[in-house]
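Chemist: Got a sequence here, can you build the structure:
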Amino acid sequence: MSAHRWTRLCVRSFLSNSVTASLAPFARKRVSEIGRFDLTRRCCYKGYRGEDLLRNEAVQRHLQRLLGEYRSVSSSLQSEAVSDSERRLLNRRLVELSSVADTFQSCERALKELAEVEAHLQSTTDGETEDRQMMELLRDEQHEIEKRIKKLNRKLVQTLVPSDAQDDSSVILEVAAGRTTGGDICQQFTREIFDMYQGFASYKDWDFEVFSYASSDYGGLHHAAVRITGEDVYRWLKFEGGTHRVQRIPEVGLSSRMQRIHTGTMTVIVLPDPSDVDIAIDPKDLRIDTFRSRGAGGQSVNTTDSAVRIVHLPTGTVAECQQSRSQLQNRDAAMRVLKARLYQNTLGRQVEERHTARKQQVGTRSQSERIRTYHFSQDRVTDHRIGYVTRDIKEFMSGGELLEDLILELQEHAETEALLELVKNTTESDNADGGHA
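Modeler: Residues are numbered from 1 along each chain as shown. Below you'll find the model as predicted:
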C-alpha cells in the first residue's frame, strides 16, 4: 500500500471518529425513511449537471412516488396474507424499484461523507504545517467524493428512465457513401468512418464481422455492412445513425488537384440485430439472385457466383452479401441483414401507431438526419444534436476515448430528455385522473 493511500485511510478513520458524532442524526437514517423530500434535494450536489434535473419539481415528485412504492412493496411482502401469485408480482416489482432505492441510498451516504469532510475543513486552520498537510489531504478526499457524487447523480437519472429493450442487442451497422460533385471524397470519408467504428469495436472489445465491403478507387469505400456483437452494443451505437458530413481538402483522387475545401457526406445505419426474435418471412416473398463479387477480394472470390442478393418483394427491401467465398455463408449473412431491416421497419410502424413520446434517441430517430460534421481544416468535430465540439480529428477517428466521450454526452442528453418527457406524461395522466375523480 502506498504512503499516500495509507494516509488517506487514516484521514477517513479520523473523520469517522471525530466528526460522525456531530452528524449522528444523518447517520441514523432508517431504510423506512428513504424518500423524504429534504433527502431528495440533497441528492444533487451543487455544480454538477444532474443538479438541475434532479431539483426539477416534477422529477422530484416522480422519484418520491417510486421510493414510496418501494417502501409499500417491501411492507406488503412482509404480510402473510399475500398469495403466492401476488408475491411473485411484488418480488418482480421490488427488483425493478431496488435500483432506484439503492442508488438513492448510495447518493445519500456520499453526501454525508462530503458533509463530514467539509465540516472538518472549516475547523482546520492554515496556521501550522501539520494543519496545511491535513487540509491538502482533506481536499483530495473532497475531490474524490465529489467525483463519486457526480457518477451517482448520473446513475440515479439512469435508474429513473425506462430502459430500451434493445440496448443489450447486437447491431447490424451499414455505411454508405453519399453523392457529391467532389467525386471520390465521399468514398474516402466512408472508409475512414468504417475504420473508426472498427477501431471503436476493438476499443470496447466487441466482435466485428464483415458481411459486405464494396471498395472504390483511391482506397475509398462505396458501401459496407457489418455485424457487431458484445456487451450493450446497441446502447452505445444507436445514436450514430444518420448523415455524417466532411469538409476537407482531399489528399488523393481527382478532387485533390483543386486544393480547396470540398464537402461530402456519408450515411450510417444502425439496426438492432433481431437474432433473438422470430421474424416470419414467407419464402415466396423472396427473390434470391447470385452474381460475381465486385471490387477487391482476391481472385478466387471473383471467379464464381458467390455473391447473393435477396429482395423482399412485398416491401422492396434489399440486402446483399459478397464477403465470403461461400455462397451459402453469403446467403445467411444477407438474410440476417434483411431481417434486421424488416424488423426495424416493423418497430418504426409500431412506434408511430402508439404515438409514443419517449425520446430514447437524440434528434428525430431519422437515419437521414445530418448529425455530425468533421472539419479537417479546423481539426474539429461538431455534433449538431447537442452542440458538442471536440478537437483532434485524427484521435477522434481512431475510435477510442474521444468517440466514447461524445457518445456518453449523447446518452446523458437522451436520458435527460426521456426523463423529462416521462414525468410530464405522468403528471398529465395524474391530473387527468384527478379531474375525472
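Chemist: Scan this protein for its longest strand.
Modeler: Counting residues, the longest strand found in the chain (DSSP state E) is strand 262-272.
Chemist: how about that one: buried residues?
Modeler: 262, 263, 264, 265, 266, 267, 268, 269, 270, 271, 272 (16 or more other CB atoms under 10 Å). To be clear about C-beta, it is placed using only N, CA and C from the backbone, and glycine gets the same treatment.
Chemist: now stretch 58-69
Modeler: 59, 60, 61, 62, 63, 66, 67, 69.
Chemist: average model confidence for the longest strand of the chain?
Modeler: Averaging pLDDT along strand 262-272 gives 89.
Chemist: ok, it: who's next to it in the sheet?
Modeler: Using DSSP bridges, the strands paired with strand 262-272 are strand 171-177 (antiparallel), strand 242-248 (antiparallel).
Chemist: so how far is the first one off the chain centroid?
Modeler: Which is strand 171-177. 18 Å (CA atoms, centre = their mean, to the nearest Å).
Chemist: what's the answer for the last one, then?
Modeler: Mean-position distance between strand 242-248 and its chain equals 21 Å (CA atoms, centre = their mean).
Chemist: follow-up on the earlier one: next, format the buried residues of stretch 58-69 as TSV and append pLDDT.
Modeler: Putting these into TSV (pLDDT from 0 to 100) gives the following:
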residue	pLDDT
59	85
60	85
61	86
62	86
63	88
66	90
67	91
69	90
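Chemist: and residue 315, how many neighbours?
Modeler: Residues within reach of residue 315, counting by other CB atoms under 10 Å, total 12.
Chemist: my bad, should have said residue 311
Modeler: Residues near residue 311, counting by other CB under 10 Å, number 16.
Chemist: so who does it touch?
Modeler: For residue 311, the contacting residues are 286, 287, 288, 289, 317, 318, by CB atoms under 8 Å, 6 or more residues apart in numbering.
Chemist: Separate out the buried members of these.
Modeler: Of these, these count as buried by 16+ other CB under 10 Å: residue 317.
Chemist: got the buried residues for stretch 408-418?
Modeler: 409, 410, 411, 412, 413, 414, 415, 416, 417, 418.
Chemist: Give me the buried stretch members for the helix or strand containing residue 159, please.
Modeler: Residue 159 is part of helix 129-160 when elements are defined by DSSP states H and E. In terms of neighbour count (16+ other CB under 10 Å), helix 129-160 has its buried residues at 134-135, 137-138, 141-142, 145-146, 148-150, 152-160.
Chemist: tell me which of the buried residues of stretch 408-418 is nearest to residue 192?
Modeler: Among these, residue 410 lies closest to residue 192 (CB to CB), at 20.3 Å.
Chemist: Ramachandran coordinates for that closest one?
Modeler: Residue 410 adopts backbone torsions of phi -60, psi -40, taken as degrees, to the nearest 10.
Chemist: Next secondary structure after the longest strand of the chain?
Modeler: Criterion used, DSSP H and E; the element after strand 262-272 is strand 286-291.
Chemist: which neighbours does that following strand have in its sheet, and in what orientation?
Modeler: strand 307-312 (antiparallel).
Chemist: The longest helix anywhere in the chain - contacts with which helices or strands?
Modeler: For the chain, the helix reaching the highest residue count under DSSP state H is reported as helix 84-123. Here helix 84-123 touches helix 3-18, helix 24-27, helix 37-42, helix 57-76, helix 129-160, going by 3 or more CB pairs under 8 Å, 6 or more residues apart in numbering; DSSP states H and E.
Chemist: Poorly predicted segments of this protein, please.
Modeler: 1-52, 125-130, 179-183, 252-259, 274-278, 293-304, 347-368, 430-437 (pLDDT under 70).
Chemist: mind listing what the closest residue to residue 383 other than its chain neighbours touches?
Modeler: Residue nearest to residue 383 in three dimensions, not counting chain neighbours: residue 372, with 5.0 Å by CB to CB, 6 or more residues apart in numbering. For residue 372, the contact set (CB under 8 Å, 6+ apart) comprises 242, 244, 245, 381, 382, 383, 384.
Chemist: do the same with residue 416
Modeler: Contacts of residue 416 by CB under 8 Å, 6+ apart are 53, 157.
Chemist: wait, is it part of a helix?
Modeler: Yes. Secondary structure of residue 416 (DSSP: H, G, I helix; E, B strand; the rest coil): part of a helix.
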